[in-house]
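Chemist: Have a look; sequence and predicted model below, questions after that.
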Amino acid sequence: MKIDWLKPLIGHDGPFTSVYIDATRADEAGEREVENRWKGLRRILEREGAPEAILEEIGERLARPTHVAGPHGRFVVAAHGEIVLDKLLSNPPVRESASHGPLPCLLPAAHAADQSVARLVVEVNREGADLTYVESARALGGSLEKIRTAVSGGHDVISKAHAGGWSHRRFESRAEDSWERNAEAVAAEIDSVVIESTPEVVILTGDVRAVALVRGALAKRSADLAIEVPGGSRNDGVKDDVFRDRLDEALDRFREGRRSVVLDHFRQEHGRDGAATSSLDDVVTVLQRGQVAELIFDESEAITADRLGDRQLWVGEELLQIGTSRAQLDDIGAGSSAREMTADVALVRAALGQDAGITFAPAGSVDLPDGVGAVLRWHDQSTPSEGAPSLSSDTERLHDVG
């Protein structure tokens with residue numbers, strides 16, 4: 001999972017005021033629940049010394065409707081008296097949190113985004129389609145769902161005639177040609193959205209024949225992302241609850257598949273002492289070298305940070321300047337910019353610096369003694385090896401591979 005949306009936090013100095021809250025509000029009762037949740041989090045921030053002015057601004061922001069139906073979360077970060085990040089998240093937090101201090105809370109927000117999927121939902125009939133793009137995390141100023149785009153093919157012969165003879169065959173042929181032309185118009189719009197917005201998956205639903213025609217007209221890039229979920233319709237209220245259940249199941253399968261691809265690759269590479277590593281010290285080393293394709297965290301770290309939150313790393317002004325000691329930072333030229341930072345935030349920061357993704361592993365699914373591991377873009381003889389002495393600062397430690 002990509003974490004580019006966290007980049008606005010890089011380059012800002014603390015202190016940071018971070019709020020991670022369930023923003024679900026289906027009705028007036030939901031409005032009051034959000035208000036009460038914020039009151040509890042605000043008391044925490046007041047005890048930690050957050051400025052009154054920024055608390056008022058955050059409160060005003062949270063009071064504004066998000067115009068999002070269903071459960072969702074919100075991640076707000078302020079620094080130096082201004083809001084620097086305000087994101088809607090497709091899922092509410094497992095545990096709400098608020099903090100005021102030198103560092104923002106990044107792992108919980110990344111975990112919430114990991115539980116969602118950026119998708120393009122296409123509800124098709126023989127006249128055209130409705131397209132709705134939903135991001136996994138979206139800046140406010142709109143809503144989690146973009147405005148639905150309606151596509152009409154412009155070919156209006158959509159029903160086959162029921163008369164016999166030559167006129168019947170001509171009309172039937174014209175109808176099928178209209179379906180195909182309309183499907184081509186819908187497919188062209190899907191291809192355009194895929195290029196512009198890069199969804200992870202394209203959901204096709206609606207009229208069975210029209211869905212097949214649209215899928216057949218897609219460019220390869222879009223076709224590779226497309227999955228069919230039956231039960232949807234351009235007509236509101238047509239067994240909508242059934243379709244939503246099927247859509248949720250399809251997205252759950254996609255998320256599990258997305259995670260499995262990364263974790264299977266990690267197991268394979270780690271088992272053969274290849275392009276993967278599973279100790280904090282060695283992860284720091286490969287982050288320094290820009291080798292990380294995907295950073296893997298034990299899922300419990302997103303909620304408790306019980307191992308990484310208690311460890312300190314050193315970072316410099318540049319994003320790839322990360323080390324386990326001040327001496328390491330001096331060795332790579334960080335100079336006077338070197339400062340300490342909790343390991344969970346320092347690791348995410350370095351991952352952002354090399355456009356790495358983040359995957360959260362369920363407890364016990366992979367061996368992560370320090371709560372973190374990495375899948376690498378490449379490795380060579382100088383890459384830290386789990387079966388040989390580590391090239392990180394802990395040079396005397398050997399890692400056993402079971």
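Modeler: Arrived safely, thanks for sending.
Chemist: give me the beta-bridge partners of the closest residue to residue 109 other than its chain neighbours?
Modeler: Nearest residue to residue 109 in three dimensions, chain neighbours excluded: residue 75, at 4.3 Å (C-beta to C-beta, 6 or more residues apart in numbering). Yep, even glycine has a C-beta here, placed from its N, CA and C like the rest. With DSSP bridges as the criterion, residue 75 is bridged to residue 20, residue 87.
Chemist: likewise residue 134?
Modeler: residue 119, residue 145.
Chemist: my guess is it meets residue 119, correct?
Modeler: Yes. Counting by C-beta atoms under 8 Å, residue 119 is a contact partner of residue 134 at 5.5 Å.
Chemist: ok, these two, which is more surrounded?
Modeler: Each of residue 134 and residue 119 has its neighbours counted (other C-beta atoms under 10 Å); residue 119 has more, 23 against 20.
Chemist: For residue 1, see how far away the most centrally placed residue in the chain is.
Modeler: In the chain, the centroid-proximal residue (C-alpha atoms, centre = their mean) is residue 113; its distance is 3.7 Å. According to C-beta to C-beta, to the nearest Å, residue 113 and residue 1 sit 6 Å apart.
Chemist: Same question for residue 263.
Modeler: 13 Å.
Chemist: can you list the domain ranges for the chain.
Modeler: Annotated domains of the chain cover 4-114, 119-238, 259-376 [automatic domain parsing].
Chemist: Buried deepest among those domains, which one?
Modeler: Stretch with highest mean neighbour count among the domains of the chain: domain 259-376 (a mean of 19; mean count of other C-beta atoms under 10 Å).
Chemist: Pretty sure residue 65 sits against residue 25.
Modeler: Yes. Between residue 65 and residue 25 there is a contact at 7.0 Å, judged by C-beta under 8 Å.
Chemist: Now the element after the worst-scoring helix or strand of the chain on mean pLDDT, going C-ward?
Modeler: When each helix and strand of the chain is scored by mean pLDDT, DSSP states H and E, strand 137-139 comes last, with a mean of 54. For strand 137-139, the following helix or strand on the C-terminal side (DSSP states H and E) is strand 149-152.
Chemist: other SSEs contacting that next one?
Modeler: Applying 3 or more C-beta pairs under 8 Å, 6 or more residues apart in numbering; DSSP states H and E, we find strand 149-152 packed against strand 128-134, helix 165-197.
Chemist: do that again at 10 Å, thanks
Modeler: Packing contacts for strand 149-152, counted by 3 or more C-beta pairs under 10 Å, 6 or more residues apart in numbering; DSSP states H and E, involve strand 119-124, strand 128-134, helix 165-197.
Chemist: got a markdown table for these, with distance to residue 374 too?
Modeler: Conversion of those to a markdown table gives the following (distance: least, C-beta to C-beta, whole Å):
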| stretch | distance to residue 374 |
| --- | --- |
| strand 119-124 | 27 |
| strand 128-134 | 29 |
| helix 165-197 | 28 |
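Chemist: Which one of the ones you listed lies nearest to residue 296?
Modeler: strand 119-124 (23.3 Å; C-beta to C-beta).
Chemist: Kindly export the closest one (C-alpha atoms) in PDB.
Modeler: Taking C-alpha atoms only, strand 119-124 is exported to PDB below (Å, rounded to 0.1, in the frame of the first residue of the first chain):
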ATOM      1  CA  ARG A 119     -11.600   1.500  -6.300                       C
ATOM      2  CA  LEU A 120     -13.600   2.600  -9.300                       C
ATOM      3  CA  VAL A 121     -17.200   1.200  -9.100                       C
ATOM      4  CA  VAL A 122     -18.900   1.100 -12.500                       C
ATOM      5  CA  GLU A 123     -22.700   0.400 -12.600                       C
ATOM      6  CA  VAL A 124     -23.500  -0.500 -16.200                       C
END
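Chemist: thinking again about what came up before, list residues touching both of residue 134 and residue 119?
Modeler: Shared contacts of residue 134 and residue 119, defined by C-beta atoms under 10 Å, 6 or more residues apart in numbering, comprise 90, 199, 203, 251.
Chemist: Which one of those residues is nearest to residue 41?
Modeler: Taking these together and measuring to residue 41 by C-beta to C-beta, the closest member is residue 90, at 20.4 Å.
Chemist: any idea what residue 199 is structurally, helix, strand or coil?
Modeler: Assigned with DSSP: H, G, I helix; E, B strand; the rest coil, residue 199 falls in the coil class.
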